[in-house]
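K.L.:
Need coordinates for the following:
(chains A and B)
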There are 2 protein chains.
Amino acid sequence: MTTPKRDTYTPETLLTVAVRVFNERGYDGTSMEHLSKAAGISKSSIYHHVVGKEELLRRAVSRALDGLFGILDEDGASRGRAVQRVEYVVRRTVEVLMAELPYVTLLLRVRGNTQTERWAMERRREFDQRVADLLKDAAADGDLRADMDTRLATRLLFGMINSLVEWYRPQPAGGYDREQVADAVVRLAFDGLRNDRTERSGGASRG
Amino acid sequence: MTTPKRDTYTPETLLTVAVRVFNERGYDGTSMEHLSKAAGISKSSIYHHVVGKEELLRRAVSRALDGLFGILDEDGASRGRAVQRVEYVVRRTVEVLMAELPYVTLLLRVRGNTQTERWAMERRREFDQRVADLLKDAAADGDLRADMDTRLATRLLFGMINSLVEWYRPQPAGGYDREQVADAVVRLAFDGLRNDRTERSGGASRG
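P.N.:
Residues are numbered from 1 along each chain as shown, chains lettered A, B, ... in the order given. This next block holds a predicted model:
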């Protein structure tokens, strides 16, 4: 990839390369020189597509955030009891994370040194808060156990979900298919959170 | 702290400073110069205590590993049904993580560039494997749900536990006391994993 080649990149394909380098070296540790080498095109060719690396970061985290916020507009997230909506959102969050793995990985790793990073962190917190609100609604409905703080539960839930970026790899490299992972997260999370003992007893077919 | 001062450090107190700097800058990004500045003593004073930064790393991750492996020798980890032992180990793992927060944080962040880092990663995997074995035993006893892969459950469980290093802060800075956090992890994890619907129904007092 280091041999200079004709610039056949689109903003989209250049983004794929940039996100890989950002995840390998960290955003802070990545220079335009690194991007140029990884893409095999000159820096000025990259500047033909974007004004700089921060634009690439913004596009990359936007893709992750659009995927995540998009979930909240889906039918499953807006119809039915809160407990069903939050279960739906958790499952879809895991699915989006796996489908957009490099983009969500980058989103979870940004640390706030630039305006774009701070914006990304803020939006990510907003998403977590939307899920926390759903959990709170479900608890108010009596569908979640009452002996656990909602904010703490949200932290643990996202701790579990976000840990996927550390070890999940798409098949065939990884050992699990996406549905298996999404099922496991939902089961582990909700059979712990749910207060509905009746549904729980008969709930092996759920998910 | 940057004013040179008389070296009143013990290996123990020097370790506290080193671990803080390692966690802030990353182990790779920390030089003896950084350590000297943070401790406020000369580099040669540091060399009086240790042969170099890798010794400080080894001592730091050893402290975390000793804490974790120590759990496995406790009574609660070796007596009773596997499901009770694994529940005990999970609770104690969370407690050790919170009690030794900077040391466990460092352990979880090492990435394997030096022999000490590779050794730490290997020992950490060993610990995870011991917990996975307990989960497997508990599943064989019929005490855990049969519809979840043990290795996948172990990953999700440690994903949740290890995420604590990202947000848990000791009181009064943080909002939760240790027992509350340990209870929450055990409840979330085991009411999801456990297959014993009877105990579950009456199990609100557990933990």
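K.L.:
so what's residue A:36 up against?
P.N.:
Taking Cβ atoms under 8 Å, 6 or more residues apart in numbering or on different chains as the contact definition, residue A:36 lies against A:42-43, A:45-46. Where you see a C-beta, it was placed from the backbone N, CA and C, and this is true even at glycine.
K.L.:
what sits against residue A:52?
P.N.:
Applying Cβ under 8 Å, 6+ apart, one finds that residue A:52 lies in contact with residue A:32.
K.L.:
So which bits of the longest helix seen in chain A are buried?
P.N.:
Across chain A, the helix with the greatest residue count (assigned by DSSP state H) is helix A:115-140. Within helix A:115-140, the residues scored as buried using 16 or more other Cβ atoms under 10 Å in any protein chain shown are A:116-117, A:119-121, A:123-124, A:127-128, A:130-132, A:134-139.
K.L.:
Show me what it packs onto, helices and strands only.
P.N.:
Using 3 or more Cβ pairs under 8 Å, 6 or more residues apart in numbering or on different chains; DSSP states H and E as the contact criterion, the elements in contact with helix A:115-140 are helix A:53-72, helix A:82-99, helix A:101-109, helix A:150-162.
K.L.:
Recalculate using a threshold of 10 Å.
P.N.:
helix A:53-72, helix A:75-78, helix A:82-99, helix A:101-109, helix A:150-162, helix A:178-193 (3 or more Cβ pairs under 10 Å, 6 or more residues apart in numbering or on different chains; DSSP states H and E).
K.L.:
After the fifth one, which helix or strand is next?
P.N.:
Read it as helix A:150-162. Tracing the chain C-terminally past helix A:150-162 and defining elements by DSSP states H and E, one meets helix A:164-167 next.
K.L.:
Send over that next one as CSV, restricted to the C-alpha atoms.
P.N.:
What follows is the C-alpha trace of helix A:164-167 in CSV, where atoms were taken according to Å, rounded to 0.1, in the frame of the first residue of the first chain:
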residue,chain,number,x,y,z
LEU,A,164,-17.6,-6.0,22.3
VAL,A,165,-15.3,-3.6,20.4
GLU,A,166,-12.3,-5.2,22.3
TRP,A,167,-12.9,-8.8,21.3
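K.L.:
Mind checking the pLDDT average for that helix?
P.N.:
Along helix A:164-167, the predicted local confidence has a mean pLDDT of 93.
K.L.:
hmm, who's touching it?
P.N.:
Applying Cβ atoms under 10 Å, 6 or more residues apart in numbering or on different chains, the set of residues contacting helix A:164-167 from outside is A:23, A:93-94, A:97-98, A:101-102, A:104-109, A:174-176, A:181-182, A:185, B:108, B:152, B:155-156, B:158-159, B:162.
K.L.:
Which of the residues in it are classified as buried?
P.N.:
When burial is assessed from 16+ other Cβ under 10 Å, helix A:164-167 yields the following buried residues: A:164-165.
K.L.:
in chain A, which segments are predicted with low confidence?
P.N.:
A:1-5, A:173-174, A:192-207 (pLDDT under 70).
K.L.:
hmm, back to that, mind giving me the PyMOL select for the contacts of residue A:36, buried ones only?
P.N.:
Paste this into PyMOL to select the buried members of the contacts of residue A:36, with burial taken from 16+ other Cβ under 10 Å:
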select buried, chain A and resi 45+46
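K.L.:
quick check, nearest of the contacts of residue A:36 to chain B?
P.N.:
Proximity to chain B was ranked across the contacts of residue A:36 by Cβ to the nearest Cβ; first place goes to residue A:43, at 25.8 Å.
K.L.:
how's chain A carved up into domains?
P.N.:
Chain A breaks down into these structural domains: A:11-50, A:62-200 (assignment by automatic domain parsing).
K.L.:
Including distance to residue B:191, could those go into JSON lines?
P.N.:
Converted to JSON lines, these look like this (distance: least, Cβ to Cβ, whole Å):
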{"stretch": "domain A:11-50", "distance to residue B:191": "35"}
{"stretch": "domain A:62-200", "distance to residue B:191": "4"}
